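Novice: What follows is a predicted structure for the sequence shown.
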Amino acid sequence: MAERSTASGQEFEQTLNQSDTSVADFANKRRAPLQRVQHTLHANPTLVPIIVLAVAIVAFGLIAGERFFTPFNLTLIMQQVSIIGILAAAQSLVIITAGIDLSVAAIMVLISVIMGNLGVNLGVPTVLALLLGFVAGAAAGLLNGLLVTKIKLPPFIVTLGTWNIFFALNLWLSGAQSIRSQDIDANASFLKFFGTNIILGSARLTYGSLLMVAIFVVLWYVLNKTAWGRHVYMIGDDKEAAEMAGIRTNRTLVQVYMVAGFICAIAAWASIGRVGAISPQSFYEGNLSSITAVVIGGISLFGGRGSILGALFGALIVGVFESGLRLAGVDVLWQVFATGWLIIIAVAIDQWIRKVSA
């Protein structure tokens, strides 16, 4: 009897599995081609920026000619987007939680000024200056996180306010004066490490470009392979549901802002190598540029959806568009015009994908 019951149970499970498969197949057959595309993009949000990047490369290769496909130009694009790409990585973490951080560039520039003042003007050992800069970056993120979680202020308002605070501190500490490349070379040359070129034939990469890619790879692993990463996505998707599931949402949010601040400090170090000097006025547009890369990369502004790698592709798309339009002889005004349309189209696609029906 026991054997007969076991056999009956196995047959029942097989019948259920076959039924589920049949229902799924039937649902797929009933979907129109456009709905299938919608479902595919919903399941694989990184596909959109990958497709856009591939199309953009081919299109600008045809428009701008052979100059676009030279190893020098392609690696130059990587160099040009490296700083904004790192800021986009920090921005992505916050946006996945359904927040936004308007202070990322201000934190980066402030930390570069702190590192420069310590290492160049005060003679602090460069490694110690870097470590103190990393701590200051995490502390800036901690301030944002505490204001969002403890005082319950909207992230937009909080980071808009701290953007002004960090920018004012930056001008105060620097005296609105730049630290020259010669002074950095003489006192703390290691601050320019990530500006070092790696020459491979006619291709020229920098350590900063490789750093950008490494940061995205690490964040992808953390967000997709760890419990903390799953909690970040759950908070962005539905914070109340995450709390009911036992997730300490406020603590995780504070950690997200701290990690974002720490990444901004890494961007500060890389920016010194990229620019070759430390200017309190540099990367003024970095906040909006990082958001642009995230949005074009398919990460939803409403939180809970999108791959961190999408922000990397988003930054590369902006770089490809700027390079391609420049080589094609298009005025800078129309380059900005094209970027604006990219943002609108990316948000429209995201809205369309979010409306997917089961």
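Specialist: Structure's in. What do you need?

Novice: And Val58, how close does it get to Phe68?
Specialist: 10 Å (CB to CB, to the nearest Å). In this view, the C-beta of every residue, glycine as well, is placed from N, C-alpha and C.

Novice: more crowded one of the two?
Specialist: Phe68 (22 against 12; other CB atoms under 10 Å).

Novice: List the contacts of that one.
Specialist: Phe60, Gly61, Ser323, Gly324, Leu327 (CB atoms under 8 Å, 6 or more residues apart in numbering).

Novice: give me that answer again for 6 Å
Specialist: By CB atoms under 6 Å, 6 or more residues apart in numbering, the contact list for Phe68 reads Phe60, Gly61, Leu327.

Novice: And for Asp237, the neighbour number?
Specialist: Per other CB under 10 Å, the neighbour tally for Asp237 reads 17.

Novice: Name the nearest residue to it, ignoring sequence neighbours.
Specialist: Closest residue to Asp237 apart from its sequence neighbours, by CB to CB, 6 or more residues apart in numbering: Gly304 at 3.0 Å.

Novice: Can you classify the one you found as helix, strand or coil?
Specialist: Of the three states, Gly304 takes coil under DSSP: H, G, I helix; E, B strand; the rest coil.

Novice: the helices in the stretch 1-150 of the chain, which residues?
Specialist: For the stretch 1-150 of the chain, the helices defined by DSSP state H, counting those that start in this stretch occupy 2-30, 33-43, 47-64, 71-96, 104-116, 126-149.

Novice: Ok, which of those helices comes nearest Asn250?
Specialist: Closest of the helices of the stretch 1-150 of the chain to Asn250 is helix 126-149, at 4.1 Å (criterion: CB to CB).

Novice: now the following helix or strand past that closest one, how far from the centre of its chain.
Specialist: Per DSSP states H and E, the first helix or strand lying C-terminal to helix 126-149 is helix 155-174. Taking CA atoms, centre = their mean, to the nearest Å, one finds helix 155-174 lying 20 Å from the centre of the chain it belongs to.

Novice: residues in contact with helix 155-174?
Specialist: 99-103, 106-107, 109-110, 113, 144, 147-148, 280.

Novice: Ok, stretch 127-142 next?
Specialist: The contact list for stretch 127-142, computed with CB under 6 Å, 6+ apart, reads 107, 111, 114-115, 118-119, 257-258, 260-262, 264-265.

Novice: List the buried residues for it?
Specialist: By neighbour count on 16 or more other CB atoms under 10 Å, the buried set for stretch 127-142 is Ala129, Leu130, Leu132, Gly133, Phe134, Ala136, Gly137, Ala138, Ala140, Gly141, Leu142.

Novice: Now it: average pLDDT?
Specialist: On average, the pLDDT along stretch 127-142 is 97.

Novice: can you offset everything so residue one is 51?
Specialist: OK, 51 is where the count begins now, so the last one is stretch 177-192.

Novice: Just the CA trace of that stretch, in PDB.
Specialist: This file holds the C-alpha atoms of stretch 177-192, laid out as PDB (Å, rounded to 0.1, in the frame of the first residue of the first chain):
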ATOM      1  CA  VAL A 177      48.500  56.400   1.900                       C
ATOM      2  CA  LEU A 178      47.200  57.900   5.100                       C
ATOM      3  CA  ALA A 179      45.700  60.800   3.100                       C
ATOM      4  CA  LEU A 180      43.900  58.300   0.900                       C
ATOM      5  CA  LEU A 181      42.600  56.300   3.900                       C
ATOM      6  CA  LEU A 182      41.300  59.500   5.600                       C
ATOM      7  CA  GLY A 183      39.700  60.500   2.400                       C
ATOM      8  CA  PHE A 184      37.900  57.100   2.200                       C
ATOM      9  CA  VAL A 185      36.700  57.500   5.800                       C
ATOM     10  CA  ALA A 186      35.400  61.000   5.000                       C
ATOM     11  CA  GLY A 187      33.600  59.700   1.900                       C
ATOM     12  CA  ALA A 188      31.800  57.000   3.900                       C
ATOM     13  CA  ALA A 189      31.000  59.600   6.600                       C
ATOM     14  CA  ALA A 190      29.400  61.900   4.000                       C
ATOM     15  CA  GLY A 191      27.300  58.900   2.800                       C
ATOM     16  CA  LEU A 192      26.500  58.100   6.500                       C
END
